[in-house]
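**Student:** with the sequence up front, the predicted model follows.
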Amino acid sequence: MEHRLLRRLKALTLLWRRRSRSGIPFVKSFTYKEINKATSGFGMILESGPQGTTYKARFPDGLVGAVKRVRSHQLQNDSFLKSVQLLGRLHHHHLVKLKGFSKGKERFLVFDYMENGRLKDYLHDPLKTPLNWRTRLQIAIDIAAALEYLQNFCEPPVYNVSISSNNIFLDENFVAKLSDVGFAGCELICNSESNIISEDTSEQRNRRLVFQFGMLLLELITGQSLLNEAEIVHWIQESEFAYSIHKMVDTDLGDQYDSKELGSLLVMARMCTKAENDTSISIRQILRFLQGQTEHSAFKCGKTKII
């Protein structure tokens, strides 16, 4: 009986190795044929743009994924595999999870499929049902939690992130997940190889992420695409901005928001976007502040806190 169990275990291990074909734990390697079939001959297009094309895919094992075609000029083959290895090690509830890849005839990345698409659409598409205030606050908390994980719980820390409504996806329960981590270039790969980040460099990167997060807060509050960063930053840094706060609130919210929470979030956005971010606020401090807002609201309303 024991020998039979051992043989069975070895067989399952070999099967897993064959299926993975990558040597990368928890990340499956797909063939071009498998990708082609799962996307119905690349017919199920989710989006197509300057960054490439993404397809919806249904695999025989039940996995529903979003398959992103990697342009040949973006990463060389060795760099591509190193990036896949790094992405495969990232596990957090608020990151879009890498499920697999293909490095055959063409290169693809397979991610979890997000049922409700991009945050950008819910803020700017008039055909979408507007997000309520509680959902917007929770999205800010979700993304701050993802950033805390990348900065404080990854070795080396991951700073190669773009924070925008275009890179934030919502699952079937409107839980926010950050995407495109580490693929804005080869910076992440270089960091993993050197494993050395100077204090000045890490501080600058933290400032950049904090600034981007402040801009995300403003986008969640105003519902506006903040193309003119200089103008919005100038407004929020003005001493008189408090008198025009309610004029900037997304009209889709009506009056269905907590004025004190709004004020607190705008103060936080102001700190994040302050010139040179000389307050040296950290992502961890931002997260604790936002969590404190929901805890206060839960206590005030007699409800379970939203986390």
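**Tutor:** On my side now, so go ahead. Numbers count the residues shown, from 1 in each chain.
**Student:** my read: residue 253 touches residue 135, true?
**Tutor:** No - with contacts defined as Cβ atoms under 8 Å, residue 253 does not count as touching residue 135, sitting 10.7 Å away. Quick note: C-beta positions are derived from backbone N, CA and C, even for glycine.
**Student:** show me where the stretch 151-300 of the chain has helices.
**Tutor:** For the stretch 151-300 of the chain, the helices identified by DSSP state H, counting those that start in this stretch occupy 187-194, 199-222, 229-237, 245-248, 259-272, 283-301, in order along the chain.
**Student:** name the helices or strands packed onto the fifth one?
**Tutor:** In this structure, helix 259-272 makes packing contacts with helix 133-152, helix 199-222, helix 229-237, helix 245-248, helix 283-301, judged by 3 or more Cβ pairs under 8 Å, 6 or more residues apart in numbering; DSSP states H and E.
**Student:** pick the most deeply packed of these.
**Tutor:** helix 133-152 (a mean of 22; mean count of other Cβ atoms under 10 Å).
**Student:** for residue 109, grab phi and psi.
**Tutor:** With angles defined as degrees, to the nearest 10, residue 109 shows backbone torsions of phi -120, psi 140.
**Student:** list the contacts of it.
**Tutor:** Residue 109 makes contacts with 67-68, 70, 84, 87, 98, 100-101, 183, as judged by Cβ atoms under 8 Å, 6 or more residues apart in numbering.
**Student:** return the item of those residues having minimum pLDDT.
**Tutor:** Comparing pLDDT over those, residue 183 scores lowest. The value there is 57.
**Student:** run through the residues that contact residue 93.
**Tutor:** The contact partners of residue 93, taken as Cβ under 8 Å, 6+ apart, are 145, 175, 177.
**Student:** tell me the confidence at it?
**Tutor:** At residue 93, the model reports a pLDDT of 96.
**Student:** in which helix or strand would I find it?
**Tutor:** Using DSSP states H and E, residue 93 sits within no helix or strand.
**Student:** and it, how far from residue 112?
**Tutor:** The span separating residue 93 from residue 112 equals 11 Å under the rule Cβ to Cβ, to the nearest Å.
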